[in-house]
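Predicted structure and sequence below. I'll ask about it afterward.
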Amino acid sequence: LLSSYFLVHLLKMVIVEKTSSPSVSIYARNQQQAYGLEGGDLVSLITLKASPLPTDKAPAPLFLVTVLDKSGSMSGSKMEMMKDTMRRLVAKLRPMDSLTMVMYDTNVSVLLPPTLMDESNAEKAIELIDSLRVGSSTNLSGGLIEGLNCIPSNLPKSTVISTLLLTDGHANYGATKAEQIIELMNHTWNKEDAPAKSAVYTFGYGSDHCSQLLKDIADAGNGMYYYIENGDRIADCFADVLGGLLSVMAQNLAITIESMDENVKIKDVLTEYSSTIISEGKKVRVSLSDIQSDESRDIPIRLVLNDTSSKGDLRLLKVSLECYDSIAEKIHTESLSLSIPRVQELTDEQKSIDIEIDGHINRVETCEILKQVKELGDKNQCEKAREIIDEQINKIKNSVSAELPLCIRLVKDLQLAKDSMKSFQQFTSEGAHRISNFSASHSRQRAAPQGYEMEFDGFTYVNDSRMTMQSLY
């Protein structure tokens, strides 16, 4: 089934001709076509859209650091599956790509310093992987910080830098709390001789890991948290990440959103990406790490419009994008303005709500609901959490965007979350991990599949490059 799906998928891939167009573009529109003279709230949507991956140029070089758990609980089949996954990873890296391998139990060791993966070095890397043996405790923080420190400070701008952290248990040696580990990460990136900053992807294997810790680390590192329910999923998850990294179109994206009129106030920016208020109600800056081919970033902006007696166009926002275009290998800047007509009386057409914007509001609200549900589950209030999930499912089903593929997927994931917390025991072993994963994926609009069979029908954040890598891994 999988192979036939991938074959069809490959045949459908779009061939992109050589073009000078930017790798990512910015768009904006309003929830409705016009607004009355009486003041109130208005939702606008800012969208970043990445182009398909070009076929006339190789993806940017990778600088990849793997930080792998070799504590005692990784013995037996877990260690063998991790070794197999690493062998496959090495086989897919190109001579221009660099691999670093850090192992941790109680102690931390750099098994392989930064090394370009030409044929000879790839063979050496596989020999080192084959030599791995399990150890004792889980010094997760020590392994992660050592991995981050292995990254040079002077890598070319186009290099895609990522750290992959895998564990099957709880951190029980060294710094063990999320806030402690994140403080160490920030210290590492901000010190005088700091390494280049890396995206951090975390992988929680099996039922006995702290999903919240791993999600917090991934959020701090602008990466993703993956929940690996079974051992045979490790390779799927690593292939997914690698496919994504080989499709990075732009890095260090920043959007500046500025009110263009004294009668327009920016009330809220509905995103979990890092945002900075430059001027209260007037100017906000949103920072994003990177964007991969075919991905979108959709950010609803809640505005407040004042009463007016003047009909005509009202200038709402100026939106500016700045990023490093990894394909063109240069800085890209772009800006646009957004306005809306103020009218005496709205027609039925002007009153109609933009369905896609409504869908993204549902997405943002679902992420907030998942946070609440996770907190209730942690307090052993699973029945109350399930009731809240039902309320959100009904709200989505009754919304104007209910039939959008995105909203159908939201309902599906909410139902899976509900079904995975029928008891506190089930919540701790399964539900907490699923909920953290769903929340991360929908808030960042990036795939982190719990299983690829979930991505074949309907809505998915998985792009062509990830699907292709799955077929080859």
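Cool, got the structure.

Show me where this protein has its helices.
2-12, 77-92, 119-130, 140-149, 178-190, 211-220, 234-245, 348-351, 355-378, 382-397, 405-419, 424-426, 432-444, 464-472 (DSSP state H).

and residue 255, bridged to which residues?
residue 286, residue 321 (DSSP bridges).

Then residue 49?
Counting by DSSP bridges, the residues bridging with residue 49 are residue 25, residue 296.

Residue 415: what's it in contact with?
Residue 415 sits next to 389, 393 when contact means Cβ atoms under 8 Å, 6 or more residues apart in numbering. Backbone N, C-alpha and C define where each C-beta goes, glycine included.

give me the number of residues near the closest residue to residue 367 other than its chain neighbours?
In space, and not counting its chain neighbours, residue 367 is closest to residue 443: 4.4 Å by Cβ to Cβ, 6 or more residues apart in numbering. The tally of other residues near residue 443 (other Cβ atoms under 10 Å) stands at 19.

Does residue 289 touch residue 200 like I think?
No: with contact defined as Cβ atoms under 8 Å, residue 289 does not count as touching residue 200 (10.0 Å).

where do the contact lists of these two overlap?
Joint contacts of residue 289 and residue 200 (Cβ under 8 Å, 6+ apart) are 222-223.

Which one of the two is surrounded by more residues?
Comparing residue 289 with residue 200 by other Cβ under 10 Å, the one with more neighbours is residue 200, at 25 against 19.

Against residue 258, how distant is the closest residue to residue 28 other than its chain neighbours?
Residue nearest to residue 28 in three dimensions, not counting chain neighbours: residue 338, with 4.5 Å by Cβ to Cβ, 6+ apart. Distance of residue 338 to residue 258, given as Cβ to Cβ, to the nearest Å: 11 Å.

Would you mind grabbing the residues shared as contacts by these two?
Here residue 338 and residue 258 have 317-319 as joint contacts, going by Cβ under 8 Å, 6+ apart.

of these, closest to residue 254?
residue 319 (11.4 Å; Cβ to Cβ).

close enough to count as contact, the closest one and residue 48?
No: with contact defined as Cβ under 8 Å, residue 319 does not reach residue 48; the gap is 10.1 Å.

residues shared between the contacts of the two?
26, 255.

Next up, the contacts around the residue nearest to residue 367.
Residue 443 neighbours (Cβ under 8 Å, 6+ apart): 271-272, 364, 367.

Could you point out which of the helices of the chain sits nearest residue 284?
Nearest to residue 284, of those and by Cβ to Cβ, is helix 355-378 at 15.6 Å.

hang on, the earlier thing: what is the nearest of the contacts of residue 443 to residue 417?
For these, the nearest to residue 417 is residue 367 (11.7 Å; Cβ to Cβ).

Can you get me a residue count around that closest one?
Neighbour tally, residue 367, other Cβ under 10 Å: 20.

same check, this time on residue 437
26.

Which pLDDT value belongs to it?
If you check residue 437, the pLDDT there is 88.

Give me the distance between it and residue 63.
Applying Cβ to Cβ to residue 437 and residue 63 gives a distance of 26 Å.

Please apply the same query to residue 85.
Counting by Cβ to Cβ, the gap from residue 85 to residue 63 is 19 Å.

Residue 121 now?
14 Å.

In terms of packing, which of the two has more residues around it?
Neighbour count, other Cβ under 10 Å: between residue 121 and residue 63, residue 63 has more, with 24 against 17.

Let me see the contact set for the more buried one.
Counted by Cβ under 8 Å, 6+ apart, residue 63 has contacts 97-98, 100, 114, 151, 155, 159-162, 196, 198.

which one of residue 338 and residue 258 has more residues nearby?
A direct count of neighbours by other Cβ under 10 Å for residue 338 and residue 258 places residue 338 higher, at 22 against 19.

Surely residue 195 touches residue 152?
Yes: counting by Cβ under 8 Å, residue 152 is a contact partner of residue 195 at 6.6 Å.

Looking at these two, which is more packed in?
residue 195 (19 against 12).

Could you tell me the model confidence score at the more buried one?
You'll see residue 195 listed with a pLDDT of 94.

Next one: the closest residue to it other than its chain neighbours from residue 196, what distance?
Nearest non-adjacent residue to residue 195, counting by Cβ to Cβ, 6+ apart: residue 151, 4.1 Å away. Between residue 151 and residue 196 the distance is 5 Å, computed by Cβ to Cβ.

what residues are shared contacts of the two?
By Cβ under 8 Å, 6+ apart, the residues touching both residue 151 and residue 196 are 63, 161.

Looking at the two, which has the bigger crowd around it?
residue 151 (23 against 16).

and that one, what does it touch?
63, 65, 100, 114, 161, 163, 195-196, 198.

As CSV, those residues with distance to residue 43 would be great.
Below are the contacts of residue 151 laid out as CSV (distance: Cβ to Cβ, whole Å):
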residue, distance to residue 43
63, 39
65, 40
100, 44
114, 46
161, 35
163, 36
195, 40
196, 37
198, 35
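
ok, how many other residues are close to the nearest residue to residue 48 once chain neighbours are set aside?
Leaving aside its sequence neighbours, residue 48 sits nearest to residue 297 (Cβ to Cβ, 6+ apart; 4.2 Å). Neighbour count of residue 297, defined by other Cβ under 10 Å: 21.

what's near enough to touch residue 297?
The neighbourhood of residue 297, defined by Cβ under 8 Å, 6+ apart, consists of 47-48, 253, 273, 288, 291, 445.

pLDDT score for it?
You'll see residue 297 listed with a pLDDT of 96.

And for residue 144?
94.

And it, how far from residue 72?
Counting by Cβ to Cβ, the gap from residue 144 to residue 72 is 19 Å.

and those two? which has more neighbours close in?
Using other Cβ under 10 Å, the more surrounded residue of residue 144 and residue 72 is residue 144, with 29 against 13.

my read: the more buried one touches residue 67, true?
Yes: counting by Cβ under 8 Å, residue 144 does reach residue 67; the two are 5.5 Å apart.

okay, and the common contacts of the two?
163, 165.

Need the helices of the chain in CSV (columns: distance to residue 305).
As requested, the helices of the chain are exported to CSV (distance: least, Cβ to Cβ, whole Å):
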stretch, distance to residue 305
helix 2-12, 44
helix 77-92, 52
helix 119-130, 59
helix 140-149, 45
helix 178-190, 38
helix 211-220, 33
helix 234-245, 39
helix 348-351, 15
helix 355-378, 16
helix 382-397, 25
helix 405-419, 27
helix 424-426, 47
helix 432-444, 27
helix 464-472, 40
